[in-house]
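**Q** below: sequence and its predicted model.
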Amino acid sequence: MSKKSALLPGEKCDSKWAEVRKSGIHGRGMFAKKKIPAGTYIIEYKGERIDKDESNDRGWAQFDRAKETGDAAVYIFTLDDDWDVDGNVPENSARLINHSCDPNCESFIEEDKIWISAVRDIEKDEELFFNYGFDLENYEDHPCYCGSKKCVGYICGEDYWKKLKRKLAAKEGWKKRKKKDKKKKKKS
Ligand SMILES: C[S@@+](CC[C@H](N)C(=O)[O-])C[C@H]1O[C@@H](n2cnc3c(N)ncnc32)[C@H](O)[C@@H]1O
Ligand SMILES: [Zn+2]
């Protein structure tokens, strides 16, 4: 993968630990510029603070756009019961961090700010990932290509993995039954 910065004109990245580069998983991502020790606060996830109504409207607008363009990217982060953060702004390069089912980073909220930190030591040039924590609503719109051994095939939070695996097994069983029925019909 190229080690060149892929920051576009007008975008900013103020992390001393990581930079934006082209990703082998999807579009652009963020990569370690140097070794990052576990626990390091790597970058703040910045954005526009919006209330839940506005967040809902933007979420639906994105949903409609995704139907037209196939771009299902989601940048809205829950801050608390009243407020969300829409990270789709050029000064927020943390918005480009991709998802993995076996991530080397996590997101957390501290004093009203969203941070991305390292959950283990990260080597120079490793791509940064966190788990987006999506629920299972529309999970089929979010296939996961993280390539990790733990990958569950779709972008969703670990809390939903059991349920997802049950859903996928049921779907597989249904497909097999349909195939069998088709074969039977052909024979008769
Ligand atoms: C917030 S954006 C991340 C930045 C994105 N790579 C870009 O260049 O704009 C989230 C979108 O990236 C893609 N993405 C992130 N992680 C992915 C993964 N593990 N597998 C497949 N697509 C992924 C999905 O399209 C997702 O909706
Ligand atoms: Zn995955």
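**A** Perfect, I can see it now. Ligands and ions are numbered 1, 2, ... in the order given.
**Q** would you mind listing what in the protein touches ligand 1?
**A** Within the chain, the positions adjacent to ligand 1 are 23, 25-29, 72-75, 95-96, 98-100, 144-146, 155 by Cβ under 6 Å from any ligand atom. In this view, the C-beta of every residue, glycine as well, is placed from N, C-alpha and C.
**Q** next step: those residues restricted to helices.
**A** Taking DSSP state H, every one of the residues of the chain next to ligand 1 sits outside helices.
**Q** list only buried entries from these.
**A** For the residues of the chain next to ligand 1, a neighbour count by 16 or more other Cβ atoms under 10 Å gives the buried set as 23, 28-29, 74-75, 95-96, 98-100, 144, 146, 155.
**Q** adding pLDDT, write those out as CSV.
**A** As requested, those are exported to CSV (pLDDT from 0 to 100):
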residue, pLDDT
S23, 97
R28, 97
G29, 97
V74, 76
Y75, 89
R95, 96
L96, 96
N98, 97
H99, 97
S100, 98
C144, 98
C146, 98
I155, 97
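**Q** which pair of those spans the longest distance?
**A** Pairwise distances across those (Cβ to Cβ) peak at 18.7 Å, for the pair Y75 and C146.
**Q** picking that back up, restrict the residues of the chain next to ligand 1 to those that also contact ligand 2, please.
**A** Among these, the residues that sit close to ligand 2 (Cβ under 5 Å from the ion) are 144, 146.
**Q** in strands, which of the residues of the chain next to ligand 1 fall?
**A** 28-29, 98-99 (DSSP state E).
**Q** any idea which of those residues is the one closest to K4?
**A** K4 lies nearest to R28 out of those, by Cβ to Cβ, at 11.1 Å.
**Q** which residues does that closest one form a beta bridge with?
**A** Beta bridges link R28 to K22, judged by DSSP bridges.
**Q** check I36 too.
**A** Going by DSSP bridges, I36 is paired in beta bridges with I122.
**Q** ok, it to C105 distance?
**A** Separation of I36 from C105 (Cβ to Cβ, to the nearest Å): 9 Å.
**Q** which SS class is K67?
**A** Classification of K67 by DSSP: H, G, I helix; E, B strand; the rest coil places it in helix.
**Q** can you start the count at 28 instead of 1 from here on
**A** Sure thing, new numbering starts at 28, so read that last one as K94.
**Q** before we move on, back to that, now do the shared contacts for I63 and C132.
**A** 69, 145, 149 (Cβ atoms under 8 Å, 6 or more residues apart in numbering).
**Q** thank you, goodbye.
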